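>>> Generate a structure from the sequence data that follows.
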Amino acid sequence: MRVLRAPAALSLACVLALAQNSTTTFRENVRLVHVLATVKDEGGAPVGSLEKGDFEVRDNGVPQEIAVFERQTEQPLSIAILVDDSASTAIDLKYETDSVTRFVKALVRSGNPDDAASLYTFNWEIVQQTAFTRNAAAIDKRLRQVRGDGGTAMYDAILLASRDIEDRQGRKVLVIVTDGGDTVSRATFGRAAEAAQLADAVIFPVLVVPISNNAGRNIGGENALTTLAERTGGRVFQPTIGKEMDAAFDGILRDLRTQYLLGFYPKNVPLTRERFHTLTVTGMGHANAAWTISARSGYYGEALPAANASANSSGDVNLSAPDETVRAPKPAAKSTQRGASTTTGRGTR
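I've put the predicted structure just below:
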């Protein structure tokens, strides 16, 4: 059985203080919790001039001291690009892959020299087409071989990519290019969302809606993607094919280049029976009340000792057998290309 480990920042806390109140427990964590925040003005333009005192971070409702602050952080980016290649996307795949290629080229052209991207495709199975790389040509080559087929295992893809990106250093991002909802995943929305939160990953869905008529759209799937973006501090783009698609990827890159990094050591945080700690980031000082701050909605940390260990432990999260089949390998095709694809399928045991 595979084991999904919580990142170091969310590992079991070192207990420094324990209140005597029988109903409320407070603990202090010597591990740093990272929060990436993007600030937009009324017109949607990024605001990159704020100071540490212009932010307030609350953990389970308790204000926290911001110990680390970076404006327009240059921490390296690891971006997992998840491209939906199910049958419903076949007609638009060429336009989507062209935009993805331009996005990767722009990523490696500027920013941190350690920025890297990895390409995944998903239909009824998930394929990691490339490892994390700065070689835009290698990603483009794999994109040219993608063909639309089968159903949509989007939650499985999010779970897999989140586990793969979890131990990478710096900022972690999932860009999901899809036309709607999940149809064949074994993983649930909840497990996919949890995996992304445990990986500290920010999700940017690029939702290419094939039709505007609500009767033919997967509204539930679109709402799920919106929720994933909001919970992780990302945002949804809904472009049409062509220039709007390029503009969506430009918007993602602009957001990533203007992120604030806020770090705090949890202190005097009241624990509950839930491992999930609620985070709120609000503007103070010079921050205009009309501006929008996007940041993750929480993280997985400690829970009350009386809580069920399997649901509330800050340590390992065991994956069930059905989840494990997401990663069961198919025989890889022979390839002379360096960094050839890794295929992770469903029901291939």
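
>>> What is the neighbour count of F189?
The local packing count at F189 equals 18, with neighbours defined by other Cβ atoms under 10 Å. Yep, even glycine has a C-beta here, placed from its N, CA and C like the rest.

>>> ok, now how distant is it from N112?
32 Å (Cβ to Cβ, to the nearest Å).

>>> For G61, which residues are in contact?
G61 sits next to 270, 278, 280 when contact means Cβ atoms under 8 Å, 6 or more residues apart in numbering.

>>> and the last one, what helix or strand is that in?
Taking DSSP states H and E as the criterion, T280 maps to strand 276-283.

>>> mind checking the SS state of the residue lying closest to V184 once chain neighbours are set aside?
Spatial nearest neighbour of V184, chain neighbours left out: G151 (3.8 Å); criterion: Cβ to Cβ, 6 or more residues apart in numbering. Using DSSP: H, G, I helix; E, B strand; the rest coil, the three-state assignment for G151 comes out as coil.

>>> so what's G151 up against?
The contact partners of G151, taken as Cβ under 8 Å, 6+ apart, are 86-87, 123-124, 183-184.

>>> cool, T258 as well?
Contacts of T258 by Cβ under 8 Å, 6+ apart are 38, 46-48, 72.

>>> What distance separates the opening and closing residues of stretch 289-299?
Across stretch 289-299, the straight-line distance between its terminal residues is 25 Å, by Cα to Cα, to the nearest Å.

>>> Return the distance of that stretch from the chain's centre.
15 Å (Cα atoms, centre = their mean, to the nearest Å).

>>> same question, stretch 64-71
Centroid separation between stretch 64-71 and its chain, computed with Cα atoms, centre = their mean, is 21 Å.

>>> What subset of the contacts of T258 is buried?
38, 46-47 (16 or more other Cβ atoms under 10 Å).

>>> Among the residues you listed, which are located in strands?
Where the buried ones among the contacts of T258 overlap with strands, as defined by DSSP state E, the overlap consists of T38.

>>> okay if I get the buried ones among the contacts of T258 as JSON lines plus distance to R254 and pLDDT?
Supplementary listing: the buried ones among the contacts of T258 in JSON lines, determined by distance: Cβ to Cβ, whole Å; pLDDT from 0 to 100:
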{"residue": "T38", "distance to R254": "9", "pLDDT": "96"}
{"residue": "P46", "distance to R254": "6", "pLDDT": "93"}
{"residue": "V47", "distance to R254": "12", "pLDDT": "94"}
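
>>> and of the buried ones among the contacts of T258, the nearest to G298?
Ranked by distance to G298 (Cβ to Cβ), the buried ones among the contacts of T258 are led by T38 at 16.9 Å.

>>> quick one: the helices in the stretch 151-300 of the chain?
Read by DSSP state H, counting those that start in this stretch, the stretch 151-300 of the chain holds these helices, from start to end of the chain: 154-165, 189-198, 219-232, 243-257.

>>> Tell me which of these is the most buried.
When you average the neighbours per residue for each of the helices of the stretch 151-300 of the chain (mean count of other Cβ atoms under 10 Å), helix 154-165 leads with a mean of 26.

>>> how far does that helix sit from the chain's center?
Here helix 154-165 shows a centroid-to-chain-centroid distance of 9 Å under the convention Cα atoms, centre = their mean.

>>> For that helix, give me every contacting residue.
Counting by Cβ under 8 Å, 6+ apart, helix 154-165 makes contact with 4, 78, 80, 82, 84, 118, 120, 122, 126, 128, 172, 174, 176, 178, 181-182, 185-189, 191-192, 195-196, 198-199, 201, 203, 221, 228, 323, 326-327, 344, 346, all of which sit outside it.

>>> swap in stretch 94-101?
81, 83, 89, 119, 136, 139-140, 143-144, 146, 177, 208, 241-242, 245-246, 248-249.

>>> do you know how far A192 is from A138?
To A138, A192 is 27 Å away according to Cβ to Cβ.

>>> Check K243 too.
26 Å.

>>> what do you get for T121?
The separation that T121 has from A138, given Cβ to Cβ, amounts to 14 Å.

>>> do I158 as well
Taken as Cβ to Cβ, the spacing of I158 relative to A138 amounts to 23 Å.

>>> now Q75, nearest residue through space, not along the chain?
Spatial nearest neighbour of Q75, chain neighbours left out: G170 (4.2 Å); criterion: Cβ to Cβ, 6+ apart.

>>> Which phi and psi values does the one you found adopt?
Dihedral pair for G170: phi 90, psi -150, per degrees, to the nearest 10.

>>> what number of residues lie near it?
Using other Cβ under 10 Å as the criterion, the residues surrounding G170 number 18.
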